[in-house]
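Participant: next come a sequence and a model predicted from it.
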Amino acid sequence: MFDDFLIRAMLASVGVALAAAPLGCFVVWRRMAYFGDATAHAAVLGVALSLTLSTPIFAGVLVVSLLMAMTVSGLSGRGFAMDTLLGVMAHSSLAIGLVAVSFLSGIRIDLMSYLFGDILAVGPTDVWLIWGGAALVLSLIAYRWSGLLLSTLNPDLALASGFNPKREQFILTLSLAIVVAVAIKVVGVLLIAAMLIVPAATARPLSRTPEIMAVMAALIAVCASLIGLRSSYVFDTPTGATIVCVCTCLFMVTNIAAKLFVQGRERIASLKENSGESRAEKKSVRSLPKRF
């Protein structure tokens, strides 16, 4: 089965979708979109360090992404505005990583594959790493679901319920670093944030509970990955970018359909209300005494 590159690409894209989409719900709820983007940009620096030290790319990206996320979490609230801090850390880490890669001698590296992904070059080992990381992330989310959700909605309520918001923040940060490490080969550094945010934002109008939103986001991400992979193969387009484009199209269709549904329901309700008032008026007219 792993001899076919399309099968490997399909398995890799599904694994990344299953890991990124539920985690993206927490990113959307906490309004941490730029936080995920900054963590993803730091992955380029992890690639450079891995190549320099001759260590696995996955390990280097995971360590640097985790350090980046923990640094931002530690510096927030200490005289730094969060958006300014994230902007400085994101772009500086990306620039430092690109400069560090340019100094590597005797090592051939395709930066485009790390910036935009190269899913068709995924090997059997990469597939196992992606699914192992996805299983770990999903296990962490399922095991700490109540704590993560309460810490997201109300940290004081989470603390009163016996959950430590800082610990839950660390678990979320660790999960985000794992997703960045496993997704860099599929969608690349510049598109990881889109796989975190867009499926969750697409599932939001279709969901009434957080659990349903997480499940719907995962299903939408899987469908977008498969459709994007097939479209990339047919139209000969970049696979990672095509997957994100499909996610964007689903987002637009879902939100437009949700708005039309709400408008239609409000119109039906107003028509029923008007018809009810007209019936009441007719009934009151009929009850008036007739004069001859």
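Facilitator: Right, received. Where do you want to start? Residues are numbered from 1 along each chain as shown.
Participant: so where is the chain shaky, pLDDT-wise?
Facilitator: Along the chain, the model assigns pLDDT under 70 to residues 1-3, 75-83, 105-111, 275-292.
Participant: which residues in the stretch 101-250 of the chain form helices?
Facilitator: 111-116, 124-143, 145-153, 155-160, 165-183, 192-203, 210-235, 239-286 (DSSP state H, counting those that start in this stretch).
Participant: for S54, what are phi and psi?
Facilitator: phi 60, psi 50 (degrees, to the nearest 10).
Participant: how near is it to L104?
Facilitator: According to C-beta to C-beta, to the nearest Å, S54 and L104 sit 11 Å apart. Quick note: C-beta positions are derived from backbone N, CA and C, even for glycine.
Participant: compare these two (neighbour count), which wins?
Facilitator: Ranked by neighbour count (other C-beta atoms under 10 Å), S54 and L104 place L104 first, with 13 against 7.
Participant: in a markdown table: the helices of the stretch 101-250 of the chain, plus mean neighbour count and distance to L45.
Facilitator: Converted to a markdown table, the helices of the stretch 101-250 of the chain look like this (neighbours: other C-beta atoms under 10 Å; distance: least, C-beta to C-beta, whole Å):
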| stretch | mean neighbour count | distance to L45 |
| --- | --- | --- |
| helix 111-116 | 17 | 11 |
| helix 124-143 | 17 | 19 |
| helix 145-153 | 19 | 27 |
| helix 155-160 | 14 | 31 |
| helix 165-183 | 22 | 12 |
| helix 192-203 | 27 | 14 |
| helix 210-235 | 20 | 27 |
| helix 239-286 | 14 | 20 |
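Participant: not counting sequence-adjacent ones, nearest residue to the residue sitting nearest the centre point of the chain?
Facilitator: When C-alpha atoms, centre = their mean is applied to the chain, the residue found nearest the centroid is L196 (1.0 Å). Using C-beta to C-beta, 6 or more residues apart in numbering and skipping residues adjacent in sequence, the residue nearest L196 is G24, 3.8 Å away.
Participant: the strands in the stretch 1-150 of the chain, which residues?
Facilitator: With DSSP state E, counting those that start in this stretch as the criterion, the stretch 1-150 of the chain has no strands.
Participant: which one of the helices of the stretch 101-250 of the chain lies closest to D37?
Facilitator: Closest approach to D37 among the helices of the stretch 101-250 of the chain (C-beta to C-beta): helix 192-203, 4.2 Å.
Participant: so which elements touch that closest one?
Facilitator: Secondary-structure packing of helix 192-203 (3 or more C-beta pairs under 8 Å, 6 or more residues apart in numbering; DSSP states H and E): helix 5-29, helix 33-41, helix 165-183, helix 210-235, helix 239-286.
Participant: tabulate the ones you listed (TSV), appending distance to S146.
Facilitator: Formatted as TSV, the helices and strands packed on helix 192-203 follow (distance: least, C-beta to C-beta, whole Å):
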stretch	distance to S146
helix 5-29	13
helix 33-41	22
helix 165-183	10
helix 210-235	11
helix 239-286	28
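Participant: looking at these, spot the one closest to L98.
Facilitator: helix 33-41 (10.1 Å).
Participant: so what touches that closest one?
Facilitator: Residues outside helix 33-41 that contact it (C-beta atoms under 8 Å, 6 or more residues apart in numbering) are 24, 27, 65, 68-69, 72, 83, 86-87, 89-91, 93-94, 97, 176-177, 180, 184, 189-190, 192-193, 196-197.
Participant: try it again at 7 Å.
Facilitator: Residues outside helix 33-41 that contact it (C-beta atoms under 7 Å, 6 or more residues apart in numbering) are 27, 65, 68-69, 72, 83, 86, 89-90, 93-94, 176-177, 180, 189, 192-193, 196-197.
Participant: still on that earlier bit, turn the helices of the stretch 101-250 of the chain into a markdown table, including distance to A20.
Facilitator: Formatted as a markdown table, those follow (distance: least, C-beta to C-beta, whole Å):
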| stretch | distance to A20 |
| --- | --- |
| helix 111-116 | 16 |
| helix 124-143 | 8 |
| helix 145-153 | 16 |
| helix 155-160 | 24 |
| helix 165-183 | 5 |
| helix 192-203 | 4 |
| helix 210-235 | 6 |
| helix 239-286 | 10 |
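Participant: the ones you listed: which one's closest to L6?
Facilitator: Of the helices of the stretch 101-250 of the chain, nearest to L6 by C-beta to C-beta is helix 210-235, at 7.0 Å.
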